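Q: Sequence first, predicted coordinates after that:
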Amino acid sequence: MAKRPRIAVVGSANVDLTTFTDQFPKPGETIFGQTFDMGFGGKGANQAVAAKLCGSDVFMVARVGDDLFGPATIKNFEKLGIDASQVRQVPGLSSGVAPIFVDPAGQNRILVVKGANDALKPADVDAASDVLKSADCIVLQFEIPLETVYYTIKFARKNNIRCLLNPAPGQPIDVKAVADLDYFVPNESEAETITGMPVKNVDDAKKCAEKLLSGGIRRVIITLGANGSLLAGRDGMEHVPAFNMKSVDSTGAGDAFIGSFATFLGEGLAEGEAVRRANLYAGLSTTGVGTQKSFYDRARFDTEWAARAKS
């Protein structure tokens, strides 16, 4: 039996408000959408759920508001078997929300209102130190303050804990502050925002990865949607193709990749193999609507992997 990894996610917890529409409104225009879906989300929470469904023991460090969404978010973690002892409500703040708009091709546009996520501070990392020190891997994103992200990276390195950062949403960063990471995992648009280099294809991704590596980052994985992923390090680069899918909603696919990759790597799989499996897990998530609700559990994933691994 594979090792059961222990993963701590320091990050965001939102409620996703997803509207499906044939077209996006013009400025000042009101149009009818087709359908609406509400569910739990936030990049941190999504990655925690993906890791849990893939078979990890997962611990969440987050902040939610004192509104209706706060207690419901905590209960959702507990229902899924995620340790939410370090998820706290913040008086006077709303929970994070993410209005999401999805077109007929499954592409999405997302607005994130951070709310209580912005109240997760370095002191909260220290308060959760016992939980974090028990982890095999710490996972981070950019829906919490950058100072907390940078502080947690230092904490992980000091305690010899593997650390993975998904720099989403993309924004300018201090590359030196993330140089101690084990994995830096942006998608195309995030990589472009951070480096100023366009990422439209695999060759572009390779040039972008070279710039990130030259800045001191150890390992880079650029997720490329239907083009799969690029795994890059100072020892070389490898393009890992995607699996063919009939995509319905791509929302949360990057989070599915992160959570599953952390699990597969934690189980002891080789790096390239972990990326290939994470490509499939992320692809499968696009065949359903929403984020966490579209993620496969391990039994369903293993069945798909057995059927597709030789393709």
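A: Sure, I can see it.
Q: Assign the spatially most central residue of the chain to helix, strand or coil.
A: With distances taken as CA atoms, centre = their mean, D255 lies nearest the centre of the chain, 3.0 Å away. Taking DSSP: H, G, I helix; E, B strand; the rest coil as the rule, one finds D255 in the helix state.
Q: thought R109 was touching I100?
A: Yes - with contacts counted by CB atoms under 8 Å, R109 reaches I100, the gap being 7.4 Å. Glycine gets a C-beta too; all of them are placed from N, C-alpha and C.
Q: the more surrounded of the two?
A: Set side by side, R109 and I100 show unequal neighbour counts under other CB atoms under 10 Å, the larger going to I100 at 23 against 12.
Q: Where does that one sit: helix, strand or coil?
A: Following three-state DSSP, I100 is assigned to strand.
Q: Check what pLDDT it gets.
A: According to the per-residue confidence, I100 scores 86 in pLDDT.
Q: May I ask you to confirm that it is in contact with I110?
A: Yes - I100 is within contact range of I110, at 4.9 Å (criterion: CB under 8 Å).
Q: what touches both of the two?
A: Contact with both I100 and I110 is made by residues T251, according to CB atoms under 8 Å, 6 or more residues apart in numbering.
Q: and the helix or strand of the chain with the lowest mean pLDDT, which strands flank it?
A: Lowest on mean pLDDT, DSSP states H and E among the helices and strands of the chain sits strand 108-110, with a mean of 83. Within its sheet, and counting by DSSP bridges, strand 108-110 is paired with strand 96-102 (antiparallel).
Q: Where does the prediction get shaky in this structure?
A: The chain contains residues with pLDDT under 70 at 1-2, 310-311.
Q: give me that answer again for 80
A: 1-3, 106-108, 251, 289-290, 309-311 (pLDDT under 80).
Q: what does stretch 144-157 contact?
A: Surrounding stretch 144-157, the residues in contact under the criterion CB under 8 Å, 6+ apart are 10-12, 44, 114, 117-118, 120-122, 124-125, 129, 132, 138, 140-142, 161-163, 165, 171, 173-174, 177-178, 180-181.
Q: same deal with stretch 300-311?
A: Under CB under 8 Å, 6+ apart, the answer for stretch 300-311 is 54, 243, 260, 277, 280-281, 284, 296.
Q: how about the strands of the stretch 201-311 of the chain, start to end?
A: Applying DSSP state E, counting those that start in this stretch to the stretch 201-311 of the chain gives strands spanning 219-223, 229-233, 236-240.
Q: Out of the ones you listed, flag the one nearest E271.
A: Within the strands of the stretch 201-311 of the chain, the stretch nearest E271 is strand 229-233; the backing value is 6.7 Å (CB to CB).
Q: export that closest one as CSV, just CAs?
A: Coordinates of the C-alpha atoms in strand 229-233 are reproduced here as CSV (Å, rounded to 0.1, in the frame of the first residue of the first chain):
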residue,chain,number,x,y,z
SER,A,229,2.2,20.5,-18.2
LEU,A,230,5.8,21.5,-18.5
LEU,A,231,8.1,20.1,-15.7
ALA,A,232,11.3,22.1,-15.5
GLY,A,233,14.4,22.1,-13.4
